[in-house]
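**Q** need coordinates for the below:
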Amino acid sequence: MQSSNNGLGRYGEEVAARWLAAGGLRILERNWRCAEGELDIVALDGDTLAVCEVKTRSERGFQQPSEGIDRTKAARLRHLAERWLGERWPVHFARLAQAAESGPCGEDNEAAPTREGVPKTLPPPPTPPGGVRIDLVAVVNRIKGAAQVEHLRGAV
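**A** I've put the predicted structure just below:
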């Protein structure tokens, strides 16, 4: 049963990532892991960082995907979101800032003044202007037809 649940989970995460991207979210990272757990999808929704927990169920299942997050899981997600923000946001913020400064062909419009041999030090990146929220993406794998997807913003 475990391997079929793993396959269903991977399927749901793929469906959720495509759904979110089609809805305008920019996927920054998928399946980020640390010793304390995993975040399924981390994305930007405009200027808001959206940490997305994906719950996938079979249409024949007795439990709705939204029932898969209890208080313990919600607390873990909040903790993991804080940890991701501290460890990974600086990397993604730097990439986003660099992309915004690049010209149409990826060339810098203006070179940053640096002295040779002296590393350029930057202040820590600001937190996302729109804040951070934790979303639930519920995926129901239907017997016939496409999966049913519901994106619950700020569910946790």
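
**Q** what about the longest helix in this protein?
**A** The residue-count maximum for a helix in the chain (DSSP state H) belongs to helix 2-22.

**Q** give the buried residues for that one.
**A** Within helix 2-22, the residues scored as buried using 16 or more other Cβ atoms under 10 Å are 8, 12, 13, 15, 16, 17, 19, 20. C-betas here are computed from N, CA, C, even on glycine.

**Q** which one of these is nearest residue 130?
**A** residue 20 (15.7 Å; Cβ to Cβ).

**Q** could you look up the SS state of the residue lying closest to that closest one once chain neighbours are set aside?
**A** Of all residues not flanking residue 20 in the chain, residue 43 sits nearest, at 5.7 Å (Cβ to Cβ, 6 or more residues apart in numbering). Assigned state for residue 43: strand (three-state reduction, DSSP: H, G, I helix; E, B strand; the rest coil).

**Q** contact partners for the most centrally placed residue in the chain?
**A** Closest to where the C-alpha atoms of the chain average out (Cα atoms, centre = their mean) is residue 42, at 1.0 Å. Residues near residue 42 by Cβ atoms under 8 Å, 6 or more residues apart in numbering: 27, 28, 29, 30, 32, 49, 50, 51, 52, 84, 88.

**Q** try 6 Å
**A** By Cβ atoms under 6 Å, 6 or more residues apart in numbering, residue 42 lies in contact with 28, 29, 51.

**Q** please tell me how far it sits from residue 133.
**A** Per Cβ to Cβ, to the nearest Å, residue 42 is found 11 Å from residue 133.

**Q** can you check residue 51 too?
**A** Counting by Cβ to Cβ, the gap from residue 51 to residue 133 is 7 Å.

**Q** one more: residue 8?
**A** Taken as Cβ to Cβ, the span from residue 8 to residue 133 is 26 Å.

**Q** which strand residues bridge the residue nearest to the centre of the chain?
**A** Beta bridges link residue 42 to residue 29, residue 51, judged by DSSP bridges.

**Q** now the worst-scoring helix or strand of the chain on mean pLDDT: buried residues?
**A** Lowest mean confidence among the helices and strands of the chain (mean pLDDT, DSSP states H and E): helix 89-101, at a mean of 84. Neighbour counts over helix 89-101 (16+ other Cβ under 10 Å) mark 89, 92, 93, 96 as buried.

**Q** considering those, which is situated nearest to residue 156?
**A** Lowest distance from residue 156 to the buried residues of helix 89-101 (Cβ to Cβ) belongs to residue 89, with 18.6 Å.
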